[in-house]
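Participant: Mind looking at a prediction? Sequence and model below.
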Amino acid sequence: MHRSLYVLTLVFTSFTASVNAADVSIKPGLWEVTTTSDLLNFASQIPAEQMKNLNALAKEYGFDVPEIKNGAAKSTTCMTEEMAKQKILPSAVQNQVGCTVNKVTQNGHYYHMAFTCVNAELNGNGTAEGNFTNAETFTGVTKFAGSIQNNPINEQANVDGKWLANSCENTKPAK
C-alpha cells in the first residue's frame, strides 16, 4: 500500500500542470505545487526506513518525492524562460508512471485533460482540470479511478500552484 501511495502521488502531481496554457502568459521561474487528498493523509503512517527506500526508488527515475505533511504534498519546479514563451507547463513524470494523455481541451484559462495508465502498478483512467487565475497561480483537481497493485482505487486530489521567484537556484528545470 505504501508503494501505491507513492505511485498515486506521482500521478496527481504530474498531471496537474501538463497542458499548454494558450491564453495565459506563464511566468518563468520557481513554482510551488501543493497537492492535497485524503490518501495523502496516510503518508505519515509510512515507516521512515520504507519512505527512505521509496525516495531512493524515485531518484532512480529522476524524480524527487515531494514533502508530504498533513495530507499535502509540496514540491517546487523550475520553469525555464523557453517553457514560459511556449506556454507549456511541466509534465514531470507522466511517462515514468506509465500514463498517457488521451485528450486535452482548453477554453480560455480553463483546461481539461483525460489520461490512461496501464502497467503492473497502475491501471485506470483519470482526468485533470483546472483554471489559471493569472500568470502566477493555478488551481485544479485530478481524479483517478482504477487499481493500484490490483487494489481498487477511486481518489481525487486538489492542486494549487503558485509562482515563487524569478530565480530557480538549486532547483532542477521542469521536464
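Facilitator: On my side now, so go ahead.

Participant: Okay, now the sheet partners of the lengthiest strand in the chain, with direction.
Facilitator: Scanning the chain for the longest strand, with DSSP state E as the assignment, gives strand 151-165. If you go by DSSP bridges, strand 151-165 pairs up with strand 29-36 (antiparallel), strand 137-148 (antiparallel).

Participant: want to throw those into CSV with distance to residue 121 and mean pLDDT?
Facilitator: Heads up, the C-betas are built off the backbone N, CA and C, glycines and all. Converted to CSV, the strands paired with strand 151-165 look like this (distance: least, CB to CB, whole Å; pLDDT from 0 to 100):
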stretch, distance to residue 121, mean pLDDT
strand 29-36, 19, 88
strand 137-148, 6, 88
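
Participant: re earlier: CA atoms only for the longest strand of the chain - export them in PDB, please.
Facilitator: Provided in PDB are the C-alpha atoms of strand 151-165 (Å, rounded to 0.1, in the frame of the first residue of the first chain):
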ATOM      1  CA  ASN A 151      -6.300  -2.900  -5.300                       C
ATOM      2  CA  PRO A 152      -9.300  -0.800  -6.400                       C
ATOM      3  CA  ILE A 153      -8.900   3.000  -6.000                       C
ATOM      4  CA  ASN A 154     -11.200   6.000  -6.700                       C
ATOM      5  CA  GLU A 155      -9.400   9.100  -5.500                       C
ATOM      6  CA  GLN A 156      -9.200  12.800  -6.200                       C
ATOM      7  CA  ALA A 157      -6.700  15.400  -5.300                       C
ATOM      8  CA  ASN A 158      -6.900  19.200  -5.200                       C
ATOM      9  CA  VAL A 159      -3.900  21.100  -6.600                       C
ATOM     10  CA  ASP A 160      -2.700  24.600  -6.200                       C
ATOM     11  CA  GLY A 161       0.300  26.200  -8.000                       C
ATOM     12  CA  LYS A 162       1.900  29.500  -7.300                       C
ATOM     13  CA  TRP A 163       4.900  31.300  -8.700                       C
ATOM     14  CA  LEU A 164       7.600  31.900  -6.000                       C
ATOM     15  CA  ALA A 165      10.600  33.700  -7.600                       C
END
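
Participant: Much appreciated, bye for now.
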